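In: For reference, the sequence and a predicted model appear below.
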Amino acid sequence: MKRDFISIFDLGKQEIYEIFELTKKLKESQKKGIQHKILKDKTLVMIFEKPSLRTRVTFETGMTQLGGHAIYLAPADINLGKRESVPDAAKNLSRWVNLIMARVYAHKTVKDLAKSAVIPVINGLCDIEHPCQIMCDLFTVIEKKDSLEQITIAYIGDGNNVCNSFIGASALLEFNLNIATPQGYEPNKDYLAKTKTANLTHDPKQAVADADIIYTDVWTSMGQEQSAEQKKEIFKPFQINNELLKSAQKDYLIMHCLPAHRGEEITDEVIDGPRSIVFDQAENRLHIQKGIMVWLLK
Ligand code: CP
Ligand code: NVA
């Protein structure tokens with residue numbers, strides 16, 4: 001039966017670690033210049049309703065390195081759901097290609113794609129989740145800290161798609177997750193209800209105090225631009241800056257999924273500082289997605 005990767009909950013704990021192992025091997029091969037054209041002659045279609053640097057380039061490059069081919073479909077190319085229905089698009093693509101990755105507004109769109117496609121569908125970000133990002137982030141944490149055991153991650157900022165996928169991962173992998181958001185910007189309640197290892201607070205100082213990893217994301221996600229100005233004031237105390245980091249007591253590392261809005265959720269001195277691993281993290285988007293694609297097509 002085909003598998004999809006729409007939500008972090010589509011994987012079990014053991015499967016996540018299988019993908020991490022596979023990713024480690026693929027990364028080593030890439031670094032050593034050993035060819036690994038495991039997906040030779042396979043084609044990935046990438047549907048984008050929103051902009052992207054990392055997701056687009058890493059999926060496309062990953063497919064090239066695996067010996068396959070990737071086709072980029074910009075919003076205007078297929079006008080998903082308008083020029084033709086989502087199920088019809090999925091049924092057409094299933095006849096030609098091997099894999100679909102979609103970055104969409106509504107979670108329902110990527111779920112409907114998966115329902116009608118007979119090939120695997122990967123969620124490249126939607127309003128509810130960004131599961132490839134969280135797989136990348138946790139792979140990166142393991143590289144830096146050896147394991148997720150006894151690790152506390154502090155997520156500071158908007159309770160958004162990235163935060164929801166983190167919460168899902170905490171339910172599956174049982175690392176500690178401290179979440180600090182302003183009142184009214186909390187993450188999805190259903191996701192929170194599924195984890196025992198996430199704590200929600202409105203105090204960023206409390207959240208960073210025992211953190212090994214301090215993580216943030218933009219205050220305004222794509223598609224929510226109308227609330228950006230209003231949020232700037234509300235989110236000010238949640239900026240990752242040297243003042244807030246005085247409350248951090250451990251040997252913490254700084255992460256951000258990028259793109260960063262420097263001067264908003266994070267300052268230049270923090271993102272460019274010695275504890276920042278944001279570009280190692282961004283590099284791993286390439287390796288983890290190769291792992292995910294190979295795993296789904298195995
Ligand atoms: N982090 C991330 O998904 O980046 P892009 O929006 O550039 O793809
Ligand atoms: N939360 C952000 C993540 C960007 C990679 C957004 O959805 O725009």
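Out: Nice, thanks for sending it over. Residues are numbered from 1 along each chain as shown. Ligands and ions are numbered 1, 2, ... in the order given.

In: Name the residues of the chain found near ligand 1, please.
Out: Ser52, Leu53, Arg54, Thr55, Leu125, Gln133, Cys257, Leu258, Pro259 (C-beta under 6 Å from any ligand atom). For every residue, glycine as well, the C-beta is placed using N, CA and C.

In: Selecting buried members of the residues you listed in ChimeraX, what would you type?
Out: Buried members of these, defined by 16 or more other C-beta atoms under 10 Å, are picked up in ChimeraX with:
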select :52,54,55,125,133,257,258
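
In: could you dump the residues of the chain next to ligand 1 to a markdown table with distance to Ile34?
Out: Formatted as a markdown table, the residues of the chain next to ligand 1 follow (distance: C-beta to C-beta, whole Å):
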| residue | distance to Ile34 |
| --- | --- |
| Ser52 | 29 |
| Leu53 | 27 |
| Arg54 | 24 |
| Thr55 | 26 |
| Leu125 | 31 |
| Gln133 | 27 |
| Cys257 | 29 |
| Leu258 | 28 |
| Pro259 | 32 |
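
In: could you pick out which of the residues of the chain next to ligand 1 are near ligand 2?
Out: Within those, those near ligand 2 by C-beta under 6 Å from any ligand atom are Leu125, Cys257.

In: and the gap between the residue lying closest to His256 once chain neighbours are set aside and Asn79?
Out: In space, and not counting its chain neighbours, His256 is closest to Val278: 4.9 Å by C-beta to C-beta, 6 or more residues apart in numbering. Distance of Val278 to Asn79, given as C-beta to C-beta, to the nearest Å: 34 Å.

In: Check His261 too.
Out: 29 Å.

In: Next: Trp96.
Out: From Trp96 across to Asn79, the span is 18 Å (C-beta to C-beta).

In: What about the residues of the chain next to ligand 1, which are in helices?
Out: Counting by DSSP state H, the residues of the chain next to ligand 1 place Arg54, Thr55, Gln133 in helices.

In: Mind putting those into TSV with pLDDT?
Out: Shown next, in TSV, are these (pLDDT from 0 to 100):
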residue	pLDDT
Arg54	98
Thr55	98
Gln133	99
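
In: for those residues, which one is nearest Met222?
Out: Thr55 (11.3 Å; C-beta to C-beta).

In: Can you report how many residues lie near the spatially closest residue to that closest one that is not a sequence neighbour?
Out: Spatial nearest neighbour of Thr55, excluding adjacent residues (C-beta to C-beta, 6+ apart): Gly124 at 4.8 Å. Neighbours of Gly124 under the rule other C-beta atoms under 10 Å: 28.

In: From what I see, Gly124 and Glu49 are in contact.
Out: No. Here Gly124 does not reach Glu49: they are 9.9 Å apart, not a contact under C-beta atoms under 8 Å.

In: Find the residues that touch each one of the two.
Out: Ala102, Arg103 (C-beta atoms under 8 Å, 6 or more residues apart in numbering).

In: In terms of secondary structure, what does the helix or strand hosting Ile153 contact?
Out: Ile153 belongs to strand 152-156 when assigned by DSSP states H and E. With contacts defined as 3 or more C-beta pairs under 8 Å, 6 or more residues apart in numbering; DSSP states H and E, strand 152-156 has these neighbours: helix 161-173, strand 176-180, helix 204-209, strand 213-216.

In: Let me see the ranges of the strands in the chain.
Out: In chain order, the chain shows strands spanning 43-48, 69-73, 99-103, 121-123, 152-156, 176-180, 198-201, 213-216, 253-256, with DSSP state E as the criterion.

In: The third one pairs with which strands?
Out: Strands that pair with strand 99-103, judged by DSSP bridges, come out as strand 43-48 (parallel), strand 121-123 (parallel).

In: Count the residues that sit near Asp10.
Out: Asp10 has 16 neighbours, counted by other C-beta under 10 Å.

In: Now do the contacts for Thr59.
Out: One correction, residue 59 is Phe, not Thr. Phe59 touches Leu44, Met46, Ala70, Met101, Gly124, Gln289, Met293, counting by C-beta under 8 Å, 6+ apart.

In: at 10 Å instead, please
Out: Contact analysis of Phe59 by C-beta atoms under 10 Å, 6 or more residues apart in numbering lists 44, 46, 52, 70, 72, 99, 101, 103, 122, 124, 132, 285-286, 289-290, 292-293.

In: State the distance from the closest residue to Lys13 other than its chain neighbours to ligand 1.
Out: Computed as C-beta to C-beta, 6+ apart, the closest residue to Lys13 that is not its neighbour in sequence is Leu172, at 5.1 Å. Separation of Leu172 from ligand 1 (C-beta to the nearest ligand atom, to the nearest Å): 21 Å.
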